[in-house]
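Chemist: pasting the structure only:
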């Protein structure tokens, strides 16, 4: 078992990507030190550990830094291989899990983020529709991956659960701010039930931020973003 | 509608000039895997492609035991995991695997996509993109120097990252010409230049490279189509 000084996660409490690393470590029951970064004044350790992107999360195992949240999750699965598996064992199921995680990051998340900073109702509506349609694809994927079990990973939380579940806080904040529904019964009933199970899972409930706290932070971020990028006249 | 008879258990749907499809071809050939190849007549998308890759509607798609897998880097890992014999593309140690994945993702995001942007845009936008690509390539150059071997996979072995950046060896010169730009300066990037020569002279790679002049035509055409999106 790793000593807590050996495994570190550099991150911030609101970041969904950081949450992925922490959930993965929790599933493996690995003790780690969580080092909260101030992204306005990044630590020497962060800049040294992730010189390319200078972003969180970074996992540091002994003296080795690993960057990029999904790569970190796969690394954790590879290193602590005796504990519950995060990726499926079958290569085809693994490929499908990787596919959906990549889809979420490359296609779905930019649209979700876009809603938060969208200017104008039309732009916002287009993004909302995009997000909901994509979630319906994910609902279908859930059916195929879970095969009737509680999680994408089956009986246990797996790769896609982690990749997607980390965004639940952000989804709720965006719904609240914009008075819209993104993840809801009428369109994605299975995902609604899955979300509840995910949030209650012991590997998750200690690291999922409270919606209220996240909402307060989002307000500050939006103001900052708008100040930095004033709307084009 | 005539159905395609699956002669072998493995089928690759690709396009002759696609750098992404070529990755999968290289992987299959390096492992000595027998496969059927189906050429997509892009930009038209066949009913087969739309059925096999409904989410992205893109090549390549690998079909194995009638199950489709999309996204070239994901397909690479699938091939490595399914046919476990040599060559193993990803290293066996977890940190090595994470490193290879990191640089493959980095090079797709910061080198390949940005080169496309540079190729399809003009003026200041083009200049910025070229500058950005060169900066990103410095990291790849650095990593190659660190390894100090012929390939990222080893002295004789083509690995995951080599396959992922393989496009640099043969597509980049075409894109430089089509986009009227210079990116891979041999003086600034001696390691990548040497790696390119080694990669393209590898017996499996050598015989798989599409003709340069045909590629010029197809990428000039692509540039015309994409250019409006980059103004």
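Modeler: Looks like it arrived, so ask away. Fair warning: this is a prediction, and the values are worked out from it, not measured in the lab.

Chemist: next one: phi and psi at the most centrally placed residue in chain A?
Modeler: Geometric centre of chain A, nearest residue: residue A:166, 3.1 Å, by Cα atoms, centre = their mean. Dihedral angles of residue A:166 (phi, psi; degrees, to the nearest 10) stand at phi -60, psi -20.

Chemist: The chain: helices as residue ranges?
Modeler: I'll assume chain A. Listed in chain order, the helices of chain A (DSSP state H) span A:16-27, A:44-49, A:69-79, A:91-103, A:109-117, A:121-146, A:159-165, A:168-178, A:189-200, A:211-228.

Chemist: my question was about chain B
Modeler: Going by DSSP H, chain B shows helices at B:19-30, B:47-52, B:72-82, B:94-106, B:113-120, B:123-147, B:160-165, B:167-178, B:190-201, B:203-206, B:212-226.

Chemist: circling back to that earlier point, for the residue nearest to the centre of chain A, give its distance to residue A:208.
Modeler: 8 Å (Cβ to Cβ, to the nearest Å). All C-beta spots, glycine's among them, are computed from the backbone N, C-alpha and C.

Chemist: Could you do residue A:48 as well?
Modeler: Note on residue A:48: its distance to residue A:208, by Cβ to Cβ, is 29 Å.

Chemist: any low-confidence regions in chain B?
Modeler: Within chain B, the stretches with pLDDT under 70 are B:1-7.

Chemist: and it, which residues reach chain A?
Modeler: For chain B, the contact set with chain A under Cβ under 8 Å from any Cβ of the partner chain comprises B:55, B:64, B:67, B:69-71, B:74-75, B:77-78, B:81-82, B:94-95, B:97-98, B:101-102, B:105-106, B:139.

Chemist: What subset of those is buried?
Modeler: B:64, B:69-71, B:74-75, B:77-78, B:81-82, B:94-95, B:97-98, B:101-102, B:105-106, B:139 (16 or more other Cβ atoms under 10 Å in any protein chain shown).

Chemist: Tally up the residues packed near residue B:226, please.
Modeler: Neighbourhood size, residue B:226 [other Cβ atoms under 10 Å in any protein chain shown]: 15.

Chemist: sorry, that was for residue A:54
Modeler: Residue A:54 has 13 neighbours, counted by other Cβ under 10 Å.

Chemist: one step back: which of residue A:48 and residue A:208 has more neighbours?
Modeler: Set side by side, residue A:48 and residue A:208 show unequal neighbour counts under other Cβ under 10 Å, the larger going to residue A:208 at 20 against 10.

Chemist: one step back: what would the helices of chain A look like in CSV with distance to chain B?
Modeler: Below are the helices of chain A laid out as CSV (distance: least, Cβ to the nearest Cβ, whole Å):
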stretch, distance to chain B
helix A:16-27, 12
helix A:44-49, 12
helix A:69-79, 4
helix A:91-103, 4
helix A:109-117, 13
helix A:121-146, 7
helix A:159-165, 12
helix A:168-178, 20
helix A:189-200, 17
helix A:211-228, 19
